[in-house]
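Novice: What follows is a predicted protein model with its sequence.
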Number of protein chains: 2
Amino acid sequence: MTAASTAHDKAAPPGPLCRVRLLVAYDGSPFHGFALQPGQPTVAGRLGAALARLAGHEVSLTCAGRTDAGVHARGQVVHTDVAEGLLDAHQEPGRLVRSLTRQVGPEVAVLDAQRAISGFDARRSALSRRYRYLLLRTPWPDPLLRSFSWHVPGELDLAAMRLGADTLLGEHDFAAFCRRPPNEGSTVRCVKETRLSIEGDGRLLAFEIEANAFCHQMVRAIVGALVAVGKGRMTPADLLARLRSKDRSGGQSLAPPFGLILEQVRYPPDQVEGGIWSPPRWGSVA
Amino acid sequence: MTAASTAHDKAAPPGPLCRVRLLVAYDGSPFHGFALQPGQPTVAGRLGAALARLAGHEVSLTCAGRTDAGVHARGQVVHTDVAEGLLDAHQEPGRLVRSLTRQVGPEVAVLDAQRAISGFDARRSALSRRYRYLLLRTPWPDPLLRSFSWHVPGELDLAAMRLGADTLLGEHDFAAFCRRPPNEGSTVRCVKETRLSIEGDGRLLAFEIEANAFCHQMVRAIVGALVAVGKGRMTPADLLARLRSKDRSGGQSLAPPFGLILEQVRYPPDQVEGGIWSPPRWGSVA
């Protein structure tokens, strides 16, 4: 999650640093995920290079949700520490937002930039993340939606899917729905809300899920299982049994990444006004 | 509008031909428009090659609306003449649709395929075309919508835009809103409906226009003028004066192609059941 020092070989920050938080949207299609990967296009690489150019020093980025290759964001939150001079030079409201967006667009957009209060951490301060997954239900594919939805033709039993989603609410060990990286700690997470809604003239089914945090590929594993429930290949009780098994070896299918969007991150109201950071009517930097 | 004979060097059609009409959707972003252009990716090139492979002979395609580079379609209608054998081999409902979509996807999708009645012509039989143009009104760009909307931040006077759009209704010489190719005939067209509506939580403004036919770049010239009206750079009366001038040298600005979608084509009900060909609940071929 840090900008490679070697990639932007700049001097150390001149003078005191201040922490800035950024609200970021991106089309994940052309990226190998948010986190830096040597030799691959990543969101952190694109954004970090632009910030380093503007700030005149190396930067390191921390994000609220490490999205995988192909996953999108409309409300990713990122923090970084930059020389005070960067904000001094961009005091006019919206100027930093515009400068950054010009450099990182069109696949990435910086929606807002604010001076963060002391101790704010985009990842550690976050109370919850909200993801959204779009399923296209029509029998025929839609070329215009192909990068943002999973095409699942045929009938889906929405009532069964809702029952399945309900079983996930609350605190559970989601090991059965996680790719567990080596040395990772607990896979216990708390799901606060799930919602299944029909959109776009009935053509789209949106699944939203909010949890304190997510394990790696957890949303995609859940959506894969819910579609299996909707198709009648699993019952909601099977899904609950899988959850309780804590066993990922059951050969579940992952929903593809391109249907997934990181929508929103929630913070304590004393760290982010109102707790949820939505784009302001006009871009600004404090 | 014809598939280059040299591109698909096949034998002449074996036996009698029948006319097939196709309902086609595409993301125009990667294409240099619908019409064939040597050495360029085009929708007709992609679709014609797939049809030629399936039919075993050269095909020529005729479309209802020749969309420019970057322009999309959700309801393009195309006709072509193919050997009877192609339909015989694809009698099972949806089989031809699936075969074609597998070959032309994911940027192009064939939504439906039907045997056309005698005399049907996708272009000449069409009574009207309906286009839709999306404006993104938020101050910040949206990476997920960048290929399907024109980002126009700042205030727009919708009432003035509606007045401007109203002046276009009915039969007029649209020379002032057309790129006139050499030797083209009349630029008189009849606009049947215009509609300006707010969508997507207020973030999008959709302009829809239906006319018997459109001159080249007419919708984009109209949208460019309507945005000028919305921004107060022109009045609705200025727009009417420009229409009456029949003069394209006034230096108007074209809206970019990527915000434009060909939505629907209307036909006489005795040529296409119901007059408007929407995708069926299940893909089929008669």
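Specialist: Perfect, I can see it now.
Novice: Backbone dihedrals for residue A:270, please?
Specialist: With angles defined as degrees, to the nearest 10, residue A:270 sits at phi -80, psi -10.
Novice: do the one 3 residues further on as well
Specialist: Note on residue A:273: backbone dihedrals following degrees, to the nearest 10 are phi -50, psi 130.
Novice: What count of nearby residues applies to it?
Specialist: Counted with other Cβ atoms under 10 Å in any protein chain shown, residues neighbouring residue A:273 total 10. Placement of C-beta: from N, CA and C, glycine included.
Novice: Can you tell me how far it is from chain B?
Specialist: 18 Å (Cβ to the nearest Cβ, to the nearest Å).
Novice: likewise residue A:221?
Specialist: Counting by Cβ to the nearest Cβ - residue A:221 and chain B are separated by 23 Å.
Novice: Pretty sure that residue sits in a strand.
Specialist: No - counting by DSSP: H, G, I helix; E, B strand; the rest coil, residue A:221 falls outside a strand, being helix.
Novice: Contacts only, for it.
Specialist: A:176-179, A:252, A:254-255 (Cβ atoms under 8 Å, 6 or more residues apart in numbering or on different chains).
Novice: can you give me the helices for the stretch 151-286 of chain A?
Specialist: A:158-166, A:218-230, A:236-245 (DSSP state H, counting those that start in this stretch).
Novice: To residue B:98, which of those lies closest?
Specialist: helix A:218-230 (20.3 Å; Cβ to Cβ).
Novice: could you check the angle helix A:236-245 makes with that closest one?
Specialist: 150 degrees (axes from the mean of the first three to the mean of the last three Cα atoms, to 10 degrees).
Novice: and the helix or strand where residue A:100 lies, anywhere near chain B?
Specialist: Counting by DSSP states H and E, the secondary-structure element that holds residue A:100 is helix A:95-104. Yes - Helix A:95-104 lies within reach of chain B by Cβ under 8 Å from any Cβ of the partner chain, at A:97, A:101.
Novice: measure the residue of the stretch 101-250 of chain A found nearest chain B to residue B:31 for me?
Specialist: Minimum separation of the stretch 101-250 of chain A from chain B (Cβ to the nearest Cβ) falls at residue A:143, amounting to 4.1 Å. For residue A:143, the distance to residue B:31 equals 10 Å [Cβ to Cβ, to the nearest Å].
Novice: now residue A:57
Specialist: Residue A:57 sits 43 Å away from residue B:31, going by Cβ to Cβ.
Novice: which one of these two has more residues nearby?
Specialist: Comparing residue A:57 with residue B:31 by neighbour count (other Cβ under 10 Å), the higher total belongs to residue B:31, at 25 against 20.
Novice: Hmm, residue B:41 and that one touching each other?
Specialist: Yes - contact criterion Cβ atoms under 8 Å: residue B:31 and residue B:41 qualify, at 5.4 Å.
Novice: For the stretch 1-150 of chain A, just list every one of the helices.
Specialist: All helices of the stretch 1-150 of chain A, identified by DSSP H, counting those that start in this stretch, fall at A:43-55, A:84-88, A:95-104.
Novice: model confidence over the shortest one, on average?
Specialist: Confidence over helix A:84-88, taken as the mean pLDDT, stands at 82.
Novice: List the buried residues of it.
Specialist: Buried residues in helix A:84-88, defined by neighbour count with 16 or more other Cβ atoms under 10 Å in any protein chain shown: A:85-87.
Novice: contacting residues for the residue lying closest to residue A:41 once chain neighbours are set aside?
Specialist: Leaving aside its chain neighbours, residue A:41 sits nearest to residue A:31 (5.4 Å; criterion: Cβ to Cβ, 6 or more residues apart in numbering or on different chains). Going by Cβ under 8 Å, 6+ apart, residue A:31 touches A:41-43, A:46, A:69-70, A:107.
Novice: out of the residues you listed, what pair is the most spread apart?
Specialist: By the measure Cβ to Cβ, A:46 and A:70 form the most distant pair in the contacts of residue A:31, at 15.3 Å.
Novice: Residue A:278 versus residue A:19, what's the distance?
Specialist: Applying Cβ to Cβ, the value for residue A:19 to residue A:278 is 20 Å.
Novice: which parts of the stretch 1-150 of chain A sit against chain B?
Specialist: A:25-27, A:72, A:74, A:94, A:97, A:101, A:105-112, A:138-144, A:146, A:148.
Novice: Taking those, please make a PyMOL selection of just the buried ones.
Specialist: Selection of buried members from the residues of the stretch 1-150 of chain A next to chain B for PyMOL, criterion 16+ other Cβ under 10 Å:
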select buried, chain A and resi 25+26+27+72+74+94+97+101+105+107+108+109+110+111+112+138+139+140+141+142+143+144+146+148
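Novice: In strands, which of the residues of the stretch 1-150 of chain A next to chain B fall?
Specialist: Applying DSSP state E to the residues of the stretch 1-150 of chain A next to chain B, the entries found in strands are A:25-26, A:72, A:74, A:108-112.
Novice: Adding pLDDT and distance to residue B:197 as columns, could you present those in TSV?
Specialist: Output for those, formatted as TSV (pLDDT from 0 to 100; distance: Cβ to Cβ, whole Å):
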residue	pLDDT	distance to residue B:197
A:25	96	24
A:26	97	28
A:72	98	26
A:74	94	22
A:108	97	29
A:109	95	25
A:110	94	29
A:111	92	25
A:112	91	28
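Novice: with those in mind, which one is nearest to residue A:227?
Specialist: Nearest member of those to residue A:227, counting by Cβ to Cβ, is residue A:72, at 19.0 Å.
Novice: of residue A:19 and residue A:278, who's got more company?
Specialist: Taking other Cβ under 10 Å, residue A:19 and residue A:278 do not tie; residue A:19 has more neighbours (18 against 12).
Novice: you'd agree residue A:189 is up against residue A:170?
Specialist: No - between residue A:189 and residue A:170 there is no contact under Cβ under 8 Å: 9.9 Å.
Novice: of these two, who's got more company?
Specialist: residue A:189 (20 against 10).
Novice: residue contacts, the more buried one?
Specialist: By Cβ under 8 Å, 6+ apart, the contact list for residue A:189 reads A:171-172, A:174, A:211-215, A:218.
Novice: Among the residues you listed, name the ones in strands.
Specialist: A:171-172, A:211.
Novice: Could you check the angle the helix holding residue A:100 makes with helix A:43-55?
Specialist: Using the same axes, to 10 degrees: helix A:95-104 against helix A:43-55 is 120 degrees.
Novice: check whether stretch A:201-218 contacts chain B.
Specialist: No - Stretch A:201-218 is not in contact with chain B by Cβ under 8 Å from any Cβ; minimum separation 10.0 Å.
Novice: And the residue lying closest to residue A:128 once chain neighbours are set aside, how close does it get to residue A:259?
Specialist: Nearest residue to residue A:128 in three dimensions, chain neighbours excluded: residue A:266, at 4.5 Å (Cβ to Cβ, 6+ apart). Here the criterion is Cβ to Cβ. By it, residue A:266 lies 22 Å from residue A:259.
Novice: Compare the two and say which one has the larger neighbour count.
Specialist: The neighbour count for residue A:266 versus residue A:259, taken as other Cβ under 10 Å, is higher for residue A:259 (26 against 22).
Novice: Let me see the confidence value for residue A:6.
Specialist: pLDDT for residue A:6: 39.
Novice: and if you look at residue A:34?
Specialist: For residue A:34, the model assigns a pLDDT of 97.
Novice: Next up, the contacts around it.
Specialist: Neighbour list for residue A:34: A:1, A:42-44, A:63, A:65-67, A:73, A:76 [criterion: Cβ under 8 Å, 6+ apart].
Novice: switch to 10 Å and redo it
Specialist: By Cβ atoms under 10 Å, 6 or more residues apart in numbering or on different chains, the residues touching residue A:34 are A:1, A:24, A:26, A:28, A:42-47, A:61, A:63-69, A:71, A:73, A:76, A:78, A:262.
Novice: same check, this time on residue A:165
Specialist: Shown in contact with residue A:165 (Cβ under 10 Å, 6+ apart): A:191, A:193-196, A:207-209, A:222-223, A:225-226, A:229, A:236, A:239.
Novice: Based on its surroundings, how many neighbours for the closest residue to residue A:275 other than its chain neighbours?
Specialist: Spatial nearest neighbour of residue A:275, chain neighbours left out: residue A:269 (4.4 Å); criterion: Cβ to Cβ, 6+ apart. The tally of other residues near residue A:269 (other Cβ under 10 Å) stands at 11.
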